[in-house]
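Undergrad: Sequence and predicted structure below; questions after.
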Amino acid sequence: MSKHLPWDDIPVPTGEINRRLAAAGMRAPASWAVDHQGRRLFVLELAGDHWSRYQQSAVKVHGLDIDLRSSSSDNQLLVLTLESEQNIDLFHVLCNSLLAELVEARSPASALETALNHLRRWKAFLSSKQARVLSLEEIRGLFAEVWFLLELLGTPAGARGAVGAWHGPERAQQDFIFSDLAVEVKSLVATDPRTVRVSSENQLDSLQKLLYLLIVFVKESRDDSGQSLNQIVAEAQSLIAGTDVAFEFESKLAEFGYIPLREYDHPLLEVVGNQPFRVEDGFPRIIRSQVPNGVIRVKYQIELEHLEPFRCDYQLVLGSVP
């Protein structure tokens, strides 16, 4: 049986569009809609004149027609129109995630700003190679990287340095790269921390003076002590908001493959510990210079017990951040 979509029960109009309210009690009412061509729409009704702001911040998203138009009253309508029916499921996800954010809008102006920011994130997401729902392992990995980024906000690096150093979304050699320091972050399930996976021959090889492997132990929380991926990302966004790297952070999230989908409201995760290791001579690793010609994409696992001689203090890592 095919999935029921909110447009399915809306008849094709003889006039311009037919609408059905998506949620009650919103300052800027949002509706599911169908136009006279049978196309699926998401409509945001805005009291007042927002044309100037829309022109300044208008965004184009492949596969969508985005338009601000006058309604029959003194209001304006922000209309998202799906251009191809084959993308209906993705459009449904976009609209639902946008709707979840719009519920919190306190004015028509803030609703418009929320919608345009959300569409920018979707544009970056759709242009990335990761336009899909993240796996549980990827969720834990991103959770750990954002957790460490939050830790970096309290160092001299601040928001600009922390976001600028975050290269995990780009699948760079290490997740965080500063001028003389690199940190590779690995999340491990706290109940079974026996081995750590290394995904390439470059991951534990660095041109920086210092290289640390940071193990972040994560467990699923059965109460409210944990955070979802959406919650920890929202925490980081609130702390970075207003800085000159806020948009860069949003873009890197999208490049990783993250947008605030409802699928990321669970599981609730909790960091229950961390352990850094100094990667230096004698560290059990495979590096590019040691790999025979013709061998590529090396993946392997390291037993944690063999990393003990390289254990160091977490504060030493944070203290090394420029």
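TA: Cool, the structure landed.

Undergrad: drop to CA atoms for contacts and neighbour counts, all remaining ones
TA: Will do.

Undergrad: And the residue sitting nearest the centre point of the chain, how close does it get to Gly38?
TA: Central residue check for the chain by CA atoms, centre = their mean: the C-alpha nearest the mean position is that of Tyr258, 2.9 Å away. Distance of Tyr258 to Gly38, given as CA to CA, to the nearest Å: 31 Å.

Undergrad: before we move on, the earlier item: thought the residue nearest to the centre of the chain was touching Lys123?
TA: No - between Tyr258 and Lys123 there is no contact, the gap being 11.8 Å when judged by CA atoms under 8 Å.

Undergrad: For the longest helix seen in the chain, list every residue counted as buried.
TA: Taking DSSP state H as the assignment, the helix of the chain that covers the most residues is helix 108-127. Neighbour-count burial for helix 108-127, with 16 or more other CA atoms under 10 Å as criterion, is recorded at 108-109, 111-126.

Undergrad: If you drop the residues flanking it in sequence, what lies closest to Ile287?
TA: In space, not counting the residues next to it along the chain, Ile287 is nearest to Glu201; the distance is 4.8 Å by CA to CA, 6 or more residues apart in numbering.

Undergrad: can you pull out the strands in the stretch 151-300 of the chain?
TA: Secondary structure of the stretch 151-300 of the chain, counting by DSSP state E, counting those that start in this stretch: strands at 176-177, 181-189, 195-198, 210-220, 269-278, 300-303.

Undergrad: before we move on, the earlier item: residue contacts, the residue nearest to the centre of the chain?
TA: 125, 134 (CA atoms under 8 Å, 6 or more residues apart in numbering).

Undergrad: just the one 10 residues further on next, same as before
TA: For Leu268, the contacting residues are 220-222, 224, 226-229, taking CA under 8 Å, 6+ apart as the criterion.

Undergrad: From those residues, list just the buried residues.
TA: Buried members of these, scored by 16+ other CA under 10 Å, are 220, 226-229.

Undergrad: From the residues you listed, which land in helices?
TA: Reading helices off the buried ones among the contacts of Leu268 with DSSP H, I get Leu229.

Undergrad: which residues of the stretch 201-322 of the chain fall in helices?
TA: In the stretch 201-322 of the chain, the segments counted as helices under DSSP state H, counting those that start in this stretch are 229-240, 246-256, 314-319.

Undergrad: And the ones you listed, which one averages the lowest pLDDT?
TA: Among the helices of the stretch 201-322 of the chain, helix 246-256 carries the lowest mean pLDDT, a mean of 85.

Undergrad: what's the angle between that one and helix 229-240?
TA: For the pair helix 246-256 and helix 229-240, the angle between their directions (axes from the mean of the first three to the mean of the last three CA atoms, to 10 degrees) equals 160 degrees.

Undergrad: buried sites along helix 246-256?
TA: Neighbour counts using 16+ other CA under 10 Å place 246-247, 249-256 of helix 246-256 among the buried residues.

Undergrad: In TSV: the residues you listed, plus distance to Val321.
TA: Converted to TSV, these look like this (distance: CA to CA, whole Å):
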residue	distance to Val321
Ala246	21
Phe247	23
Phe249	19
Glu250	23
Ser251	23
Lys252	21
Leu253	22
Ala254	25
Glu255	24
Phe256	23
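
Undergrad: And the furthest pair within those?
TA: Looking at those by CA to CA, the two members farthest from one another are Ala246 and Phe256, with 15.6 Å of separation.

Undergrad: Can you list the low-confidence ranges for the chain?
TA: Counting by pLDDT under 70, the chain shows low-confidence ranges at 1-3, 128-131.

Undergrad: How many residues are close by the closest residue in space to Leu78 that isn't next to it in sequence?
TA: Nearest non-adjacent residue to Leu78, counting by CA to CA, 6+ apart: Leu68, 4.5 Å away. The tally of other residues near Leu68 (other CA atoms under 10 Å) stands at 19.
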